[in-house]
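Chemist: generate a structure from the sequence data that follows.
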Amino acid sequence: MTAQSFCIHGHFYQPPRGNPFKDDELDTEAGAEPFKNLNEKATFMCYTPNASLGNFDVMSFNIGSALARWMEVNAPETYQRIIQADQRHLEQWGVGNALAQPTHHAILPLCAKRDQNLMVRWGLITFQHRFGRQAEGMWLPDLGVDLETLQVLADNGVQFTILGQAQVDGAYEGAGPYWVKLPSGGKIAVYVRDDSLSNTLAFAIRNLGGAGRWARNTLAPVRKNYGRLLLLAVEGETFGYHHPGEEHFLRWLLTYEAVAAGYEVTTLVRDLRDHAPQSEITIREDTAWNSAGQLNRWRGGLRDAFDHLANRLDDLFLVTAQSAGADAWRLRENYIRVRLGELTGEQLLAEFGPKRLSASQSASLLKLLKAQFHRQRMYTSAAFFYDDVDRAETRLAVADAVCAIQLNHQATNIDLIATFRADLEQAVSSQGGRTGADVLDEVLEWQQASV
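Modeler: As a prediction, this is how the structure comes out:
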């Protein structure tokens, strides 16, 4: 069968790097020169050029929550161009081309089911807030997947997601879409990216000789023995940030060269509307796009310490909420609306809390809800990606944990620092022998200096 359709999906994302003790204010970052921080650098090199060229109009994409929040304030023109690209696609094709992603970039299969559900719900609420419509698809962080995660997506109304070839069995008809059967007996649609061509684009784009040559020499021959749709899925920063100037490669490929090679350029939401899945595949559980084996690189002492802390924070939050007559989990699900500026904390409690709350109960609940936000964000995947805990990514995750601990202390008068430090002592770096407890002490000094 000849492949007739071609799609590139770009996952645009920057991890949260701001100071959580100062409302996520970004400090000067080494390596960002001549810019103040890496968000500014990536915006100048990637997001603004791609938005100016119109690349967001012709590709499938998602944008991370922390990046979108920063860009909305600090690069509003570029932010609006990205939002408007989805709106133009909706006007032209009847569907948008943006996908949602969980609010925090956590490896969902390693999270408790209630946390998975929360991050997905927060991601969908955030998408509705930014794009003004419901999301059909959702990008999974690092494509981390198991059946429970797919079930959570489907339970929240997500129609499809994206996985890699190494993560599935039975994908013999190109990118699909395919059905995956869920534990409930239901199903969810899955698109399967071409791993080899995606990785070639991501890591070797500067050696391909330009979009025209690559389309003629590689994409055109692929059509002879491929399925109906060829999907490439990569980090959006491939086009300009990781490889300066290659936003022009993307523009030429999607607006001219792929068509010259015999393809119709499409986007995933549009494709699913027109092509329902016809066959079923199975997934390889506990895999990610850069870890086709088990998800062990995200496990270990640091995660154990965070899991113990999360359980303690949840217990105290639940007890406090119940004593006030509040539905803890309903309040937590809607707290993201406060972060998005849709509601004040007081309005949140008035709409989703019990009828009567004392001033002290209200203050305690709002502190604990903010603690829950930071407790969720400490699971950002970059903190666990490396064997060395003595890294900026780990320090930021520990800083989120400290924020949660301190807010909890203010609300309940129970201090969890000592038990957290004891757990972090078991997280030993493979380089130099430093422990998570050493990182904690640095973070506490940082917090004191931020006051």
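Chemist: so what touches the helix or strand hosting Thr48?
Modeler: According to DSSP states H and E, Thr48 maps onto helix 48-53. Residues from elsewhere that reach helix 48-53, judged by C-beta atoms under 8 Å, 6 or more residues apart in numbering: 56, 75, 77-78, 81-82, 85, 236, 239-240, 247-248, 250-251. Every C-beta, even on glycine, is put in place using the N, C-alpha and C of the backbone.
Chemist: mind putting these in CSV, secondary structure included?
Modeler: Converted to CSV, these look like this (DSSP: H, G, I helix; E, B strand; the rest coil):
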residue, secondary structure
Phe56, helix
Ala75, coil
Glu77, helix
Thr78, helix
Arg81, helix
Ile82, helix
Ala85, helix
Gly236, helix
Phe239, strand
Gly240, coil
Glu247, helix
His248, helix
Leu250, helix
Arg251, helix
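Chemist: please, where are all the helices along the stretch 251-400 of the chain?
Modeler: According to DSSP state H, counting those that start in this stretch, the stretch 251-400 of the chain carries its helices in the segments 258-260, 268-274, 301-323, 328-339, 345-352, 359-377, 392-412.
Chemist: roughly how far does the most centrally placed residue in the chain sit from Gln426?
Modeler: Nearest to the geometric centre of the chain sits His105, at 3.9 Å (C-alpha atoms, centre = their mean). Distance, His105 to Gln426, by C-beta to C-beta, to the nearest Å: 24 Å.
Chemist: returning to that earlier point: switch the contacts of helix 48-53 over to a markdown table; also include distance to Leu272 and pLDDT.
Modeler: Converted to a markdown table, the contacts of helix 48-53 look like this (distance: C-beta to C-beta, whole Å; pLDDT from 0 to 100):
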| residue | distance to Leu272 | pLDDT |
| --- | --- | --- |
| Phe56 | 19 | 98 |
| Ala75 | 31 | 97 |
| Glu77 | 31 | 98 |
| Thr78 | 28 | 98 |
| Arg81 | 25 | 98 |
| Ile82 | 21 | 98 |
| Ala85 | 19 | 98 |
| Gly236 | 20 | 97 |
| Phe239 | 24 | 98 |
| Gly240 | 28 | 97 |
| Glu247 | 27 | 98 |
| His248 | 29 | 98 |
| Leu250 | 22 | 98 |
| Arg251 | 25 | 98 |
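Chemist: out of the residues you listed, which is most surrounded?
Modeler: Phe239 (32 neighbours; other C-beta atoms under 10 Å).
Chemist: with distance to Leu313 added, can I get the contacts of helix 48-53 in JSON lines?
Modeler: Converted to JSON lines, the contacts of helix 48-53 look like this (distance: C-beta to C-beta, whole Å):
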{"residue": "Phe56", "distance to Leu313": "38"}
{"residue": "Ala75", "distance to Leu313": "34"}
{"residue": "Glu77", "distance to Leu313": "39"}
{"residue": "Thr78", "distance to Leu313": "36"}
{"residue": "Arg81", "distance to Leu313": "39"}
{"residue": "Ile82", "distance to Leu313": "34"}
{"residue": "Ala85", "distance to Leu313": "39"}
{"residue": "Gly236", "distance to Leu313": "33"}
{"residue": "Phe239", "distance to Leu313": "39"}
{"residue": "Gly240", "distance to Leu313": "39"}
{"residue": "Glu247", "distance to Leu313": "42"}
{"residue": "His248", "distance to Leu313": "47"}
{"residue": "Leu250", "distance to Leu313": "43"}
{"residue": "Arg251", "distance to Leu313": "46"}
